[in-house]
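> Show me the folded form of this:
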Amino acid sequence: MVFEEFRPEELLGPLNEVEKKNAPAVLFVSGDTSLSRRRRVSVVGSRKATRDGLVRARSLALELVKRHVVVVSGLAEGIDTAAHQAAIEAGGKTIAILGTPLDKTFPAKNRALQDLIVRDHLAISQFAAGYPARRENFPMRNRTMALLSDATDRRGGRDKRHAPPGLGGASSRKASLSHGVDCLQGARVAGRDASLRGAASLPRELGAPLRAPAGGEP
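The predicted structure is shown next:
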């Protein structure tokens, strides 16, 4: 697999002190790096989501695509997969932030989806090729996802029959707050890019179009 290495500030521009503290030293990137300069909202949630949770994740992704916002997620089972797939099917763009090196896939059944994202969208990992798969990779990945997002929306709908507490969306919420990025639960858009703050509600109340960031792409 062909990939490039970037420092976070090379993709995002200057970082504030909180972001510098939490940012990885290097990011391994494969795909369309111009997506890192567009408006980006991460959609995260449970790996073992309910059917209603999956429907709401897809609905949110579709609303974001309509407003030319890049859908960011973690390629995990459940909410993440639903968000990526909905964005692609709607003709939008998506970024996958991986908890594995770029040459690995978790879960393995998302290999074709990851290949598609690398080819037509953007995949990012902070883990070099050969880095071992560890449970702690995924909270680290969530902090990086928060760094790379203008806002985070946490979709609910964990199927309590199957999913242990403390994983998935809850970890993403903690990571987002550590970066000063608002974690939304269908509330209002806010986050790293001040131009997004208060621009719209998600998802059903999303009436006003999101404003383009100053000097950025629509």
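> Could you tell me the end-to-end distance of stretch 86-101?
24 Å (Cα to Cα, to the nearest Å).
> That one: which residues count as buried?
86-88, 90, 92-101 (16 or more other Cβ atoms under 10 Å). All C-beta spots, glycine's among them, are computed from the backbone N, C-alpha and C.
> Kindly report the same for stretch 111-126.
Across stretch 111-126, burial judged by 16+ other Cβ under 10 Å covers 113-114, 116-118, 121-126.
> Let me see the mean pLDDT of whichever helix in the chain runs longest.
As assigned by DSSP state H, the longest helix anywhere in the chain is helix 51-66. Here helix 51-66 scores 93 as its mean pLDDT.
> coming back round to it: can I get the buried residues of stretch 86-101 in TSV including distance to residue 131?
Shown next, in TSV, are those (distance: Cβ to Cβ, whole Å):
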residue	distance to residue 131
86	30
87	27
88	27
90	33
92	30
93	27
94	23
95	20
96	17
97	15
98	11
99	10
100	8
101	5
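> Report the two of those separated the most.
90 and 101 (28.8 Å; Cβ to Cβ).
> For residue 46, state which of the buried residues of stretch 86-101 is nearest.
Taking these together and measuring to residue 46 by Cβ to Cβ, the closest member is residue 99, at 15.3 Å.
> The closest one against residue 136, yeah?
No. The criterion here is Cβ atoms under 8 Å, and residue 99 misses it with residue 136 at 9.4 Å.
> Understood, closing this out.
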